[in-house]
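Colleague: Next come a sequence and a model predicted from it.
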Amino acid sequence: MAEPAKLTLYSDWWSSCSQRVLIVLNIKGLEYEYKAVNLLKGEHFDPEFEKLNPMNYVPALVDGDTVIGDSFAIILYLEDKYPQHPLLPQDPKKKALNLQAASIVSSSIQPFQNLAVLQFIENKFNADEKLTWAQNHINKGFAGLSKLLKEHAGKYATGDEVQLADVFLAPQIYAGLARFQIDMSLYPTLARLNDAYNKLPAFQAALPQRQPNEPSPS
Ligand SMILES: N[C@@H](CCC(=O)N[C@@H](CS)C(=O)NCC(=O)O)C(=O)O
């Protein structure tokens, strides 16, 4: 009998978007092959990689003849195809809350700290502006998320189970701390959640420093 096709994840080690996918692969216990795409060397603009992600971003996931080039789409695909350890609750209200929190990270925070955006700001203005810009958007997002989750958070973001919101929050908080010097004492709920994520093996194994790595972006 033919072996089922293995999942292949194209990622750069410090990518918070890829980190989301790695967390889900780990939670669901899925085997995958890791292929490094070095963003600082511009490997995401290689024509071969562009076939996998027309936006020239990581991550991209290949599953047989299925190719997906966006972390949100990849995660929803994995959720549908591999239903073990579900990440979206059945309850419509709680599901919407999880999607909202994930969307705040993926639409209203991460795009503003993206490499291409920061490089553009540094070239137009200077490196200080780059950091201020990123901090401004991360702080706005973290303030909103804190208000949104305040009444819902339990052990994790939306209750006592790890759900989709956590998968998006953990890498964003990590990036806020490790790359953008965000003061997490301003966000006690998020800081507490981050402590909980740091204890989970599926989250620990997805940390940037645990991936094959090369120098990080400044
Ligand atoms: N919405 C996309 C965003 C992907 C994205 O922005 N990826 C970043 C790394 S987290 C990237 O590849 N940046 C390269 C660049 O800015 O040129 C997703 O969630 O996959």
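Modeller: Done, it's in. Only a predicted model underlies this, so the values are computations on that prediction, with no experimental measurement involved.
Colleague: Quick one: mean pLDDT over stretch 193-207.
Modeller: The average pLDDT within stretch 193-207 is 98.
Colleague: Distance from the chain centre to it, please.
Modeller: Distance of stretch 193-207 from the chain centroid (C-alpha atoms, centre = their mean, to the nearest Å) equals 13 Å.
Colleague: what does stretch 145-165 give?
Modeller: 17 Å.
Colleague: could you pull out the helices for the protein?
Modeller: 16-27, 47-50, 71-81, 92-103, 115-124, 127-149, 164-178, 188-197, 201-204 (DSSP state H).
Colleague: Other residues contacting the first one?
Modeller: For helix 16-27, contacts defined as C-beta atoms under 8 Å, 6 or more residues apart in numbering pick out 7, 9, 11-12, 32, 57-59, 61, 71, 74-75, 78-79, 85, 87, 106, 110, 162, 167-168, 170-172, 174-175, 201-203, 205-208, 211. For glycine as for every other residue, the C-beta is placed from the backbone atoms N, C-alpha and C.
Colleague: Go again with 6 Å.
Modeller: 11, 32, 58-59, 71, 74-75, 78, 85, 167-168, 171, 175, 202-203, 205-206 (C-beta atoms under 6 Å, 6 or more residues apart in numbering).
Colleague: can you tell me how far Asp128 sits from the ligand?
Modeller: 20 Å (C-beta to the nearest ligand atom, to the nearest Å).
Colleague: Please tell me how far that residue sits from Leu193.
Modeller: From Asp128 across to Leu193, the span is 30 Å (C-beta to C-beta, to the nearest Å).
Colleague: who's more crowded, these two?
Modeller: Higher neighbour count among Asp128 and Leu193: Leu193, with 23 against 10, using other C-beta atoms under 10 Å.
Colleague: Which residues are in contact with that one?
Modeller: Per C-beta under 6 Å, 6+ apart, neighbours of Leu193: Ala157.
Colleague: before we move on, the earlier item: report the buried members of the contacts of helix 16-27.
Modeller: 11, 32, 58-59, 71, 74-75, 78, 167-168, 171, 175, 202-203, 206 (16 or more other C-beta atoms under 10 Å).
Colleague: Which members of those additionally contact the ligand?
Modeller: Contacts with the ligand are made by Val58, Pro59, Ser71 out of the buried ones among the contacts of helix 16-27, judged by C-beta under 6 Å from any ligand atom.
Colleague: Can you list the low-confidence ranges for the protein?
Modeller: 1-5, 215-218 (pLDDT under 70).
Colleague: Show me which residues of it sit near the ligand.
Modeller: So far as C-beta under 6 Å from any ligand atom goes, the chain lies against the ligand at 15-17, 39, 44, 57-59, 70-72, 106, 114-116.
Colleague: Of those, just the buried ones, ChimeraX syntax please.
Modeller: Isolation of the buried members of the residues of the chain next to the ligand (16+ other C-beta under 10 Å) is achieved in ChimeraX through the command below:
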select :15,16,17,39,44,57,58,59,70,71,72,106,114
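Colleague: ok, so of the residues of the chain next to the ligand, who is nearest Ile182?
Modeller: Ser16 (12.8 Å; C-beta to C-beta).
Colleague: From Asn194, how far off is that closest one?
Modeller: With C-beta to C-beta as the criterion, Ser16 and Asn194 are 13 Å apart.
Colleague: Need the overlap of contacts for those two.
Modeller: With C-beta under 6 Å, 6+ apart, Ser16 and Asn194 have no common neighbours.
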